[in-house]
Structure formats: structure tokens, C-alpha cells
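Engineer: Provided below are the primary sequence and the corresponding predicted coordinates.
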Amino acid sequence: MRAGFLGALIRAAGLLIAFAVQMLLARLIGDAASYGLYAWGQNLLFLLGAVFALGIPLASARFVAVHDHRGDTAAASEVVGASLRWLLLTSTVGIAAGFAVVAVLPLSAFSDIPRSVVLLAIVAAPLVSLIVLLQSHARARAQLLLAFAPNQALRPLLTGLLAGAFAFWAGRQLQTMEVLLLLCGSLLLVALLQTIIARRLNARRQHTLLSAAPLAEAGSYAPSQLMHNALPLFGTRLADMVMKYGNIFLLGILGGPVVAAGFFVADRLARLGAIPGTVVAAVIQPWLASAHAEGERHALQAVVTEASHVSLWPTLTACLALYLLGPLLLSLFGHDFKSAITVLNILLLVHVAAATLGPCQQILVMSGQQHALMRLLALAAVVHVCALFLLIPLYGATGAALATLASTSLARSGCLILVRKRMGLQPSALVHLIKRLRTRELK
């Protein structure tokens, strides 16, 4: 509860800042089409950043959490160094591949989306990869302030400050490329700050902890096993990204920038309701990894039970509040965004459904069930893309929201079945509540 409260406080502040910044950017850019193009470019930037990272952040975070729990700072540092080297390699290959793809595409492919937007996203994507990696390592070491504050709160704040200062200096409305460049500047500043703070904190930690085991005894958590675990996690992460970023990406192509802008705003608002689940999933990762590594099944179930309740009820409350305030909040972005209320309501339902089933995906990742999870999420991603191609031409942004509801329900239900069958755990808060009510009735 204490860790969750701190994480939720930072996450909530960050999303409120991001909401205010997006509202500011919508006003500074001026028209919905240009703002939609910015949203599309930002989406591509973060999508490529996650692709370049492969599954390295999650895999290395699991290793670091186990070594940190054992007090083996030498092994943890070796894992961190190996993950940074792999990230440098994958980013270099990713940039080269991205430029090659852009070079062979015909000019007609960039009639609606400028080539400059795509190239900027490719070049700046490694910054996103580095930030995600550092954030994952901070979460693995339970450094919640470092894990959440730089990326969730400081980055949007810096983007807003830079955009506001540039607009004041220029004395005019901003162009799409200008805002994207300012976003990249904020990413660079955050990456530098995270790197400096992480190095100082970890150096101080090495002075206070004694190494509990030599690196040679790290076994399945040794740095040499990093990519073996990262590749299936990359498949899992890739499927997640398809369901998370594919909406705006395809909306921008099939529906146009204005439709993508409406979905983008509704999605950002809906994420406010997902704060409890997001924070709980991040907080419990190191506890899940260490409890599973040591074979502490009762401790694992205790963490899962507490996490499911802490996630569900605040999520339900927050989504209900956003449902009631949705029309007012959307109107703050401008008249063109009021029609996104249906999209917002569907996305709120998505987050409630996900919280109801519990943190199943995090349980599977941190317990080494990444291969089964990858197959399940790959199926959900295929369903999601097919639904997008089918529903966007018919219903626009609402169709994308319905596709998200279908694929998320499939993925989370499948994760629940895997957790119950393979690990014998019960992650759903509703199931625990029903059992308690039945027990009281019997008494």
C-alpha cells in the first residue's frame, strides 16, 4: 500500500501534467489536423523506441530484481552493463533498418504523413529505449521516485515548458515538426538526468550492500541468459505495442489526422483511470520476481491478492469519475474533440475490465512464463489488427476503441487462465470477494 500510494501519487501527477500539456499543445498548434499529425509522430516515436529495446528492459529488470533481493550487487551491475551494450547494438541496427525502409518507399507513401516526421521518429527512438531501460531497472530496485518521476512527470512538463517558451519567442502558432523536435529535446534531458541519478544511487548502494554470491552462481539469472529471456519478451512487448500504438497509427492512415487526434485525446484521458493498475503492476514486479525465484508460493499469492484489490477499486472509482466528467474534459481541447466521448467511454470500460482480472500479465513475465504469454498476446494482436482494418472504415475512432476492447478482453482472460492453470494462483479481486461473501453466508 505504501509503495503503491507513492507510485500512484507520482503517476497521477504525471498524467495530470501530460493532460494539461496536451491541451496546451492543441491550442499552440491551432488546428486538429496538425495536432493529429503530431500525435501520430509521437506515437511512432514511442513505438519505435519500444521496438529498438526488444525485450531487454523487462528481462534485465527481472534479473536485477532477483540479484538485488539476494544482495548480489556485482551480478546486478553486470546485468545492467550487458543490457546497455545490447541496447546500443539493437538501436544501431534499428536506425539503419528504419532509414533503409524509408529510402525504398515511394514518395506517394508520404502524401499525408511527411517523410521528415518519420525520419525524426527513427533517429530519436533510441532515447525512448534508454529511458524505458533505466525506468525498468529503477523499478526492479524499488526506486519508485526514479522509476516514475522523470518519464511520467518531468518529460511532459519539460515538453510543455519548451513549447510554451518557443511559442512566446516566435510569436505564432507552432508547426508539427517544431513540437516534435521540442519533444525530442525533453527526451534527451530526461535521459541524461536519469543516467546521472541512477549512477549515483547505484554507486551508493554498492557501498552499503555486501555481495551475497559470486557471479558464476547466478545460473539462469546470469547476464549470458539475458537475450535468451529478452527475445520472447520482445514478442510479448511487440504484441502489446501493436494493441497500444496500432490504433493511432492506422487511424492516421485510414481515417486521417483529425480522427487520430480525437482518439489520441480520449486515450490520454482514459489513462488517468488506469493509474492504479499501472502503478500496482510496476510496484509488484520485483516482489513477484524474487518470490518466484525463491519458491515462496504463499508470499507470491499474498502479493497478488493485495495487488488485485489495490488495483481494482481505485480504478473503478477513477473511471466512474472520468465517465461523468468526460464531456467537460474533452471540451477543453476544443470543439473538434467533443465527438470523442464515445471513444473515451469504451476505453474506460477496457481499463475496468483489465483491472477486474488482476495483474496476470506481470505475474507471467516475472515468473518466467514468457513463451506462453508471447503466444497468447500474438493471437490477441492479430485479432486487434484485423478488427482495426474491419471497424475503422465503418466506425472511425469508435471502431478502434471497440477493437481495443475485444483484443484486451481476449488477452487478459487468457492470462488469467494461464496464471490459474500453470501457477495455481488466483489473481482476480472479484473471485476473492465472491469467496468471502460465500464464506459469510455459510457462517
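Structural biologist: Yep, it's here. Numbering: from 1, shown residues only.
Engineer: ok, which stretches of the stretch 251-400 of the chain are helices?
Structural biologist: 257-273, 275-293, 297-331, 341-357, 360-366, 370-395, 397-423 (DSSP state H, counting those that start in this stretch).
Engineer: Comparing those, which yields the minimum mean pLDDT?
Structural biologist: For these, the weakest mean pLDDT is recorded on helix 275-293, namely a mean of 70.
Engineer: before we move on, the earlier item: of all the helices of the stretch 251-400 of the chain, which lies closest to Leu144?
Structural biologist: helix 275-293 (7.0 Å; Cβ to Cβ). For every residue, glycine as well, the C-beta is placed using N, CA and C.
Engineer: out of the helices of the stretch 251-400 of the chain, which comes closest to Phe148?
Structural biologist: helix 275-293 (7.5 Å).
Engineer: for the helices of the stretch 251-400 of the chain, which one sits closest to Ala125?
Structural biologist: Across the helices of the stretch 251-400 of the chain, the minimum distance to Ala125, taken as Cβ to Cβ, is reached by helix 257-273, at 18.8 Å.
Engineer: Mean neighbour count and distance to Ala26 for the helices of the stretch 251-400 of the chain - can I get that in JSON lines?
Structural biologist: Shown next, in JSON lines, are those (neighbours: other Cβ atoms under 10 Å; distance: least, Cβ to Cβ, whole Å):
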{"stretch": "helix 257-273", "mean neighbour count": "25", "distance to Ala26": "8"}
{"stretch": "helix 275-293", "mean neighbour count": "24", "distance to Ala26": "22"}
{"stretch": "helix 297-331", "mean neighbour count": "18", "distance to Ala26": "11"}
{"stretch": "helix 341-357", "mean neighbour count": "22", "distance to Ala26": "16"}
{"stretch": "helix 360-366", "mean neighbour count": "26", "distance to Ala26": "32"}
{"stretch": "helix 370-395", "mean neighbour count": "18", "distance to Ala26": "22"}
{"stretch": "helix 397-423", "mean neighbour count": "21", "distance to Ala26": "16"}
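Engineer: possible to save those as TSV with distance to Leu144?
Structural biologist: As requested, these are exported to TSV (distance: least, Cβ to Cβ, whole Å):
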stretch	distance to Leu144
helix 257-273	19
helix 275-293	7
helix 297-331	14
helix 341-357	20
helix 360-366	16
helix 370-395	24
helix 397-423	24
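Engineer: Those: which one's closest to Leu89?
Structural biologist: Shortest distance between Leu89 and the helices of the stretch 251-400 of the chain, using Cβ to Cβ, is found for helix 370-395: 20.8 Å.
Engineer: Check which helices and strands that closest one is in contact with.
Structural biologist: Judged by 3 or more Cβ pairs under 8 Å, 6 or more residues apart in numbering; DSSP states H and E, the packing partners of helix 370-395 are helix 226-250, helix 360-366, helix 397-423.
Engineer: Save those as CSV, and put in distance to Ala142 too.
Structural biologist: Formatted as CSV, the helices and strands packed on helix 370-395 follow (distance: least, Cβ to Cβ, whole Å):
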stretch, distance to Ala142
helix 226-250, 21
helix 360-366, 14
helix 397-423, 23
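Engineer: Tell me which of those sits nearest to Leu324.
Structural biologist: helix 397-423 (18.6 Å).
Engineer: okay, the angle between that closest one and helix 297-331?
Structural biologist: Using axes from the mean of the first three to the mean of the last three Cα atoms, to 10 degrees, one finds that helix 397-423 and helix 297-331 are set 170 degrees apart in direction.
Engineer: Please identify which of the helices of the stretch 251-400 of the chain is closest to Leu251.
Structural biologist: Each of those has some distance to Leu251 by Cβ to Cβ; the shortest is helix 257-273, at 4.2 Å.
Engineer: circling back to that earlier point, among the helices and strands packed on helix 370-395, which comes closest to Ser34?
Structural biologist: Of the helices and strands packed on helix 370-395, nearest to Ser34 by Cβ to Cβ is helix 226-250, at 14.9 Å.
Engineer: for that closest one, packing partners?
Structural biologist: Secondary elements touching helix 226-250 (3+ Cβ pairs under 8 Å, 6+ apart): helix 32-52, helix 56-70, helix 73-104, helix 257-273, helix 370-395, helix 397-423.
Engineer: Make JSON lines from those helices and add distance to Leu328 to it.
Structural biologist: Below are these laid out as JSON lines (distance: least, Cβ to Cβ, whole Å):
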{"stretch": "helix 32-52", "distance to Leu328": "19"}
{"stretch": "helix 56-70", "distance to Leu328": "37"}
{"stretch": "helix 73-104", "distance to Leu328": "40"}
{"stretch": "helix 257-273", "distance to Leu328": "11"}
{"stretch": "helix 370-395", "distance to Leu328": "24"}
{"stretch": "helix 397-423", "distance to Leu328": "19"}
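Engineer: Gln152: which of those is closest?
Structural biologist: helix 257-273 (10.6 Å).
Engineer: so what secondary structure elements neighbour that closest one?
Structural biologist: helix 2-29, helix 32-52, helix 226-250, helix 297-331, helix 341-357, helix 397-423.
Engineer: Nearest to Leu180 among these would be which one?
Structural biologist: Shortest distance between Leu180 and the helices and strands packed on helix 257-273, using Cβ to Cβ, is found for helix 32-52: 5.0 Å.
Engineer: Run the angle between that closest one and helix 226-250 for me.
Structural biologist: The directions of helix 32-52 and helix 226-250 differ by 170 degrees, with the same axes, to 10 degrees as the criterion.
Engineer: please renumber so the chain begins at 47
Structural biologist: Sure, I'll start numbering at 47, so the last one becomes helix 78-98.
Engineer: okay, the angle between helix 78-98 and helix 303-319?
Structural biologist: Using the same axes, to 10 degrees: helix 78-98 against helix 303-319 is 60 degrees.
Engineer: Please state the offset of helix 78-98 from the chain centre?
Structural biologist: Chain-centre distance of helix 78-98: 14 Å, with Cα atoms, centre = their mean, to the nearest Å.
Engineer: Just the CA atoms of stretch 437-455, as PDB, please.
Structural biologist: The C-alpha coordinates for stretch 437-455 follow below in PDB (Å, rounded to 0.1, in the frame of the first residue of the first chain):
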ATOM      1  CA  LEU A 437     -14.000  -1.400 -37.900                       C
ATOM      2  CA  ILE A 438     -12.100   1.800 -38.700                       C
ATOM      3  CA  PRO A 439     -13.600   2.200 -42.200                       C
ATOM      4  CA  LEU A 440     -17.100   1.600 -40.700                       C
ATOM      5  CA  TYR A 441     -16.900   3.500 -37.400                       C
ATOM      6  CA  GLY A 442     -13.700   5.500 -37.400                       C
ATOM      7  CA  ALA A 443     -12.200   6.200 -33.900                       C
ATOM      8  CA  THR A 444     -15.100   4.300 -32.200                       C
ATOM      9  CA  GLY A 445     -14.200   1.200 -34.300                       C
ATOM     10  CA  ALA A 446     -10.600   1.500 -33.000                       C
ATOM     11  CA  ALA A 447     -11.900   1.600 -29.400                       C
ATOM     12  CA  LEU A 448     -14.100  -1.400 -30.000                       C
ATOM     13  CA  ALA A 449     -11.100  -3.300 -31.400                       C
ATOM     14  CA  THR A 450      -9.100  -2.400 -28.300                       C
ATOM     15  CA  LEU A 451     -11.900  -3.700 -26.100                       C
ATOM     16  CA  ALA A 452     -12.100  -7.000 -28.000                       C
ATOM     17  CA  SER A 453      -8.300  -7.700 -28.000                       C
ATOM     18  CA  THR A 454      -7.700  -6.600 -24.400                       C
ATOM     19  CA  SER A 455     -10.500  -8.800 -23.200                       C
END
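Engineer: Fine by me, we can end here.
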